[in-house]
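[1] Predicted model and sequence follow; I will ask about them next.
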Amino acid sequence: MKVKDIARFINGEVSGDEDLEIKGVTGLESAKCGDISFLGDSKFTCLARGSKASCIITKKVWEIEGKTLIFAENPALAFIKVIDCFHPPKEIKSGISKLASIGENVSIGDGISIAPYVIINKGVKIGKNVKIAPFTYIGDNSVIGNDVEIKTSVTILDDTIIGNRVIIHPGAVIGSDGYAYVTENKKHYKIPQIGSVIIEDDCEIGANVTIDRASFGETIIKKGTKIDNLVQIAHNVTVGEDSLIVAQVGIAGSCKIGKNVTLAGQVGVADHLKIGDNSIVAAQGGVTKNIPPNELFSGYPARNHNQARRIYAASVKLPELLKRVRKLEKIVEEIEKRISSKKES
């Protein structure tokens, strides 16, 4: 495919040789002659200058001398389209494998693909164009929307509701019991978990994510939210629209996460807390109190990022301050001895 054809496909503008032949797509560092790549952040401009890529998709304000470029309003989004063009999704044949187990009163839409060793229990409703990979389990009375992709070894337990265009990656467990016990005389008694899980449209659930069913009512992941691998979401949590939950995050029970919230890697959120719309918690932040909207928090316990930075900067100086304190203590001790000796004399 020539550069001019790619530019037309992504509605971009060419600077350089529009007749260059492009044979592959890759990142700036691994690119070779014949590849196309992209520059989505000005801090990687030096890397782009040294890249062997034949063509780079970027913004006009980041023009790179000596390179054939395609200018796009959003280079990263344009590059996604180019990747799909060179590597279209694999086609999966529709149909239901004879090795799948389908329970009673199951409703299945058109264009479905159900692989071998899938188990679908009674009363399940599945929409159109759904792809279900091997070794997946779908519990009683669950509902799966249209254009859903469920990858291998996913467990979806009873009464779960999944919207349209949801992607669920391998090993995810949705609808497991929440962690809830009553303790009496040092014995722990399980509280029955009789609620459900709702995952709204256009969500993506990463590998080995666990989303617990509610004790009562629903655990809700609202539309457009993207959840990375190895995330734990406890019972009765609500995650707002278009939020980003990054790897190894743990959210305790009954938390309310707002819209467009970002929880970076290994963030922990204590139970019954609220995080306001558009807020960000930086990596390894430990949230122990409510966070207002439009805030950036970091550290443990998580606090306003500017305050956390000042505290961290001060903590770096502690060894030096400790030496000074010890030195001052010795000086004070010498002064006290002199004063004491004068009084005695």
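    Alright, I've got the coordinates. Since the structure is predicted, the reported quantities are computational estimates derived from the model, not experimental observations. Numbering: from 1, shown residues only.
[2] Against Val287, how distant is the residue nearest to Gly285 when sequence neighbours are not counted?
    Spatial nearest neighbour of Gly285, chain neighbours left out: Ala302 (4.1 Å); criterion: C-beta to C-beta, 6 or more residues apart in numbering. Every C-beta, even on glycine, is put in place using the N, C-alpha and C of the backbone. Counting by C-beta to C-beta, to the nearest Å, the separation of Ala302 from Val287 is 5 Å.
[3] Need the overlap of contacts for those two.
    When C-beta atoms under 8 Å, 6 or more residues apart in numbering defines a contact, the residues bordering Ala302 and Val287 alike are Val267, Val281.
[4] Touching, Glu295 and Arg303? I think so.
    No - if you go by C-beta atoms under 8 Å, Glu295 and Arg303 don't touch, sitting 9.8 Å apart.
[5] In terms of packing, which of these two has more residues around it?
    Ranked by neighbour count (other C-beta atoms under 10 Å), Glu295 and Arg303 place Arg303 first, with 21 against 16.
[6] pretty sure the more buried one is touching Phe297, no?
    Yes - taking C-beta under 8 Å as the definition, Arg303 is a contact partner of Phe297 at 6.2 Å.
[7] Check which residues of the longest helix seen in the chain are buried.
    Determined from DSSP state H, the single longest helix within the chain is helix 318-344. By neighbour count on 16 or more other C-beta atoms under 10 Å, the buried set for helix 318-344 is empty.
[8] chain center to that helix, what's the gap?
    Mean-position distance between helix 318-344 and its chain equals 54 Å (C-alpha atoms, centre = their mean, to the nearest Å).
[9] ok so, going back, surely the residue nearest to Gly285 and Gln284 touch.
    No - contact criterion C-beta under 8 Å: Ala302 and Gln284 do not qualify, at 9.4 Å.
[10] Quick one, grab the pLDDT at Ala308.
    The model reports Ala308 with a pLDDT of 88.
[11] Apart from its neighbours in sequence, what residue is nearest it?
    Excluding its sequence neighbours, the residue lying closest to Ala308 (C-beta to C-beta, 6+ apart) is Gly299, at 3.8 Å.
[12] And the one you found, how far from Asp158?
    From Gly299 across to Asp158, the span is 40 Å (C-beta to C-beta).
[13] just the helices in the protein please.
    3-10, 45-50, 75-86, 305-316, 318-344.
[14] To Ile144, which of these lies closest?
    Ile144 sits nearest to helix 75-86 of all those, at 24.3 Å, using C-beta to C-beta.
[15] Does that closest one pack against any helices or strands, and if so which?
    Contacting helix 75-86 under the criterion 3 or more C-beta pairs under 8 Å, 6 or more residues apart in numbering; DSSP states H and E are the following elements: helix 3-10, strand 24-25, strand 35-38, strand 55-58.
[16] I'd like the ones you listed laid out as a markdown table, including mean neighbour count, distance to Tyr137 and mean pLDDT.
    Listed next are the helices and strands packed on helix 75-86 as a markdown table, based on neighbours: other C-beta atoms under 10 Å; distance: least, C-beta to C-beta, whole Å; pLDDT from 0 to 100:
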| stretch | mean neighbour count | distance to Tyr137 | mean pLDDT |
| --- | --- | --- | --- |
| helix 3-10 | 18 | 40 | 95 |
| strand 24-25 | 18 | 36 | 94 |
| strand 35-38 | 24 | 39 | 96 |
| strand 55-58 | 27 | 42 | 96 |
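[17] can you put these in TSV and add distance to Asn121?
    Shown next, in TSV, are these (distance: least, C-beta to C-beta, whole Å):
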stretch	distance to Asn121
helix 3-10	44
strand 24-25	42
strand 35-38	45
strand 55-58	47
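[18] Ok, which of the ones you listed comes nearest Val239?
    Using C-beta to C-beta, the nearest of the helices and strands packed on helix 75-86 to Val239 is strand 35-38, at 29.8 Å.
[19] Name the surrounding residues that touch the closest one.
    Residues outside strand 35-38 that contact it (C-beta under 8 Å, 6+ apart): 3, 6, 22-28, 31, 48, 51-58, 70, 75-76, 78-79, 82.
[20] change it to 6 Å
    22, 24-28, 31, 53, 55-57, 75, 79 (C-beta atoms under 6 Å, 6 or more residues apart in numbering).
[21] for stretch 260-278, same thing?
    Residues from elsewhere that reach stretch 260-278 (C-beta under 6 Å, 6+ apart): 242-259, 279-288, 290-294.
[22] Likewise for stretch 52-68?
    For stretch 52-68, the surrounding residues in contact (C-beta under 6 Å, 6+ apart) are 3, 16-17, 20, 31-39, 42, 45, 48-49, 69-72, 75, 78-79.
[23] do the same with stretch 2-10
    With C-beta under 6 Å, 6+ apart, stretch 2-10 has contacts from Val14, Glu18, Asp19, Leu20, Glu21, Cys55, Ile70, Ala72, Ala78, Lys81.
[24] how far does that stretch sit from the chain's center?
    Centroid separation for stretch 2-10 versus its chain: 31 Å, with C-alpha atoms, centre = their mean.
[25] follow-up on the earlier one: give me the buried subset of the contacts of stretch 260-278.
    Among those, those buried by neighbour count (16+ other C-beta under 10 Å) are 242-259, 279-282, 285-287, 291.
[26] Off-centre distance for stretch 130-146?
    Distance, centroid of stretch 130-146 to centroid of chain: 22 Å (C-alpha atoms, centre = their mean).
[27] And for stretch 251-259?
    Computed by C-alpha atoms, centre = their mean, the chain-centroid distance of stretch 251-259 equals 15 Å.
[28] Thanks again, I'm all set now.
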